[in-house]
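Q: here's a sequence, model it:
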Amino acid sequence: MSNGFLSQEEINALLNGEGSQEEEEKKEATDTELPELPDLTDLEKDLLGEVGNISMGSASTALSTIINQQVNITTPVVSVTTLERLKDSFEIPNIALEVKYTSGIVGENLLVMKIDDAAVISNLMMGGNGIVEGEIKELSEIEISAVSEAMNQMIGSAATSMATMFAREVNISPPLSKIWSDLTAPLAEGISDDEPVVLVSFSLNIGELVDSNIMQLLPMKTAKKIVAIMMGEESMDEPSVENNSTPAPIVEEKKSAKAVEAPKQEIVYEKPIEREAPKVEVKQASFEPLSVRESATTMPNNIDLILDVPLQISVVLGRTKMNVKDILNLGNGSLIELDKLAEEPVEIQVNGKKVAYGEVVVVDENFGVRITNIVSSQERIKSLGK
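A: Have a look, this model is predicted:
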């Protein structure tokens, strides 16, 4: 400053300072304008993380079988975001697999994988060594088909694992896969960009070839349903809806009432039987087998508490009786004849109780048993008293 006036450099400095201050204010205003997202409690995050950990553990086993490589999908991290915010951190292109749960739980599920990792998986599935050179921009139709099949197997195994955890059947629709390479394009058809979603990020390791991550996206409504099922808060909702929605057909009422409780079932079915007593067909509707099955299924009301109890499984190839003299004469090369024919099925026992029949097979140089017939519920119940 000279003679009370500002120099040109000082004027420029002041103008630049004001401009940067305005930019910072705009950024702060933009940050504050972002809507607050609903958050999850620590318990809900733990439950979703545990469900994801178990289901993705099953998915990793399926993928490992397909590509013949050791696969680990672990360390779930649960957070809440939107697809719009998630796009800012995405490294495109990606491959996304969209699945809808149709029964057991109804909702959406989105599995997202980096295209570089997908290229390694497709290479392994087509007989390669998994080494992909150069930067991957896109996949061929054959590679996309191979990766889609692998992801289908993964999500199918995950659904099976969820069915075990939920103690109910979980079915999914045919998965839809696509390459997502445009930030302006929608990532999922059933999930809007501004909808709150639960992001579960996993660590993905495939042998020494891949050290990356894979993401699972669930709408907030679907995530809340999973939490409610795991906490036992939604177990009575679905059966009651089915029972009220189909009051007319007698056969359908049997299925729904059996899923709720036995006393109501007796009240519902005794009156129609008395009214239709002259009809022989009604009496021959095999109610006795149903009651036996109900007693077998309704007795272990808290069977979930013992699902992880180990049981001893043994396979009985055959039996025979020998004198002490014959046993003492046994030596190397001696033959013992059993009371089983060569093609006769062997018995499969759990804790000494016969539950099934099967045939002996060889699996990876080990003996195994393929189940050919399951012992009926009545026989299993009778064997408990022996």
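
Q: can you list the low-confidence ranges for the stretch 251-386 of the chain?
A: 251-306, 377-378, 380-386 (pLDDT under 70).

Q: pull out the buried residues from stretch 210-219.
A: Val210, Asn213, Ile214, Met215, Gln216, Leu217, Leu218, Pro219 (16 or more other Cβ atoms under 10 Å). Any C-beta I mention is one placed from the backbone N, CA and C, and that applies to glycine too.

Q: gap between the last one and Pro38?
A: Same thing as Pro219. 12 Å (Cβ to Cβ, to the nearest Å).

Q: who touches both of these two?
A: Pro196 (Cβ atoms under 8 Å, 6 or more residues apart in numbering).

Q: out of the buried residues of stretch 210-219, the closest to Asn109 would be?
A: Leu218 (6.1 Å; Cβ to Cβ).

Q: and the closest one, what does it touch?
A: So Leu218 contacts Leu48, Gly107, Glu108, Asn109, Leu110, Val197, Val198, Val200, Ile226 (Cβ under 8 Å, 6+ apart).

Q: within the helices and strands, which one has the residue nearest to the fifth one when sequence neighbours are not counted?
A: Just to be clear, that refers to Leu110. Counting by Cβ to Cβ, 6 or more residues apart in numbering, Leu217 is the residue found nearest to Leu110 once chain neighbours are left out, at 4.0 Å. Using DSSP states H and E, Leu217 sits in strand 210-219.

Q: that older thread, in strands, which of the contacts of Leu218 appear?
A: Gly107, Glu108, Asn109, Leu110, Val197, Val198, Val200 (DSSP state E).

Q: which one of those is nearest to Trp180?
A: So of the ones in strands among the contacts of Leu218, ranked by how close each gets to Trp180 (Cβ to Cβ), first place is Leu110, at 10.3 Å.

Q: show me what contacts the closest one?
A: Leu110 neighbours (Cβ under 8 Å, 6+ apart): Ala96, Leu97, Glu98, Val99, Leu187, Ala188, Ile191, Gln216, Leu217, Leu218.

Q: now Phe367
A: By Cβ under 8 Å, 6+ apart, the neighbours of Phe367 are Val360, Val361.

Q: equivalent analysis for Ile371, please.
A: Ile348, Ala356, Tyr357, Gly358.

Q: distance of the first one from Ser157?
A: Right, the one you point to is Ile348. 24 Å.

Q: quick check, Trp209 in contact with Gln70.
A: Just so we're on the same page, residue 209 is Leu rather than Trp. No - if you go by Cβ atoms under 8 Å, Leu209 and Gln70 don't touch, sitting 10.1 Å apart.

Q: what about the helices in the protein?
A: Assigned by DSSP state H, the helices in the chain fall at 8-33, 42-67, 83-89, 115-125, 141-166, 220-230, 237-245, 250-260, 262-275, 280-283, 287-298, 324-328, 377-384.

Q: what does the fourth one rub up against?
A: Okay, so that is helix 115-125. Residues contacting helix 115-125 (Cβ under 8 Å, 6+ apart): 63, 66-69, 93-95, 129-132, 136-139, 142-144, 146-147, 149-150, 179, 204, 206, 209-210, 212, 214.

Q: among the residues you listed, name the buried ones.
A: 63, 66-67, 69, 93-95, 130, 132, 136, 139, 143-144, 146-147, 149-150, 179, 204, 206, 209-210, 214.

Q: returning to that earlier point: these two touch, right, the residue nearest to Leu110 and Val112?
A: Yes - Leu217 lies in contact with Val112 (Cβ under 8 Å); the separation is 6.8 Å.

Q: number of nearby residues for Phe90?
A: Per other Cβ atoms under 10 Å, the neighbour tally for Phe90 reads 15.

Q: correct me if wrong: it contacts Asp182.
A: No - using Cβ under 8 Å as the test, Phe90 is too far from Asp182 to be in contact (10.9 Å).

Q: excluding its backbone neighbours, what's nearest Val78?
A: Per Cβ to Cβ, 6+ apart, closest to Val78 is Lys45, 4.3 Å.

Q: my guess is the one you found contacts Val80. True?
A: No - counting by Cβ under 8 Å, Lys45 stays clear of Val80, with 9.2 Å between them.

Q: domains for this protein, by residue range?
A: The chain breaks down into these domains under automatic domain parsing: 1-33, 42-230, 239-299, 311-386.

Q: next, Ala185: phi, psi?
A: Backbone geometry at Ala185, expressed as degrees, to the nearest 10, gives phi -80, psi 150.

Q: what's the pLDDT at it?
A: Looking at Ala185, its pLDDT stands at 77.

Q: and the gap between it and Val361?
A: 49 Å.

Q: with Glu379 instead?
A: 24 Å.

Q: need the contact list for the closest residue to Val316 other than its chain neighbours.
A: Excluding the flanking residues, the one nearest Val316 by Cβ to Cβ, 6+ apart is Glu347, at 4.1 Å. Shown in contact with Glu347 (Cβ under 8 Å, 6+ apart): Val315, Val316, Lys354, Ala356, Tyr357.

Q: run a quick neighbour tally on the third one.
A: Spelled out, that is Lys354. Neighbour tally, Lys354, other Cβ under 10 Å: 15.

Q: ok, now which ones touch it?
A: Taking Cβ under 8 Å, 6+ apart, one finds Glu347, Ile348, Val375, Glu379, Ser383 in contact with Lys354.

Q: quickly list what the residue nearest to Leu110 is bridged to.
A: Leu217 has these beta-bridge partners by DSSP bridges: Leu110, Leu199.
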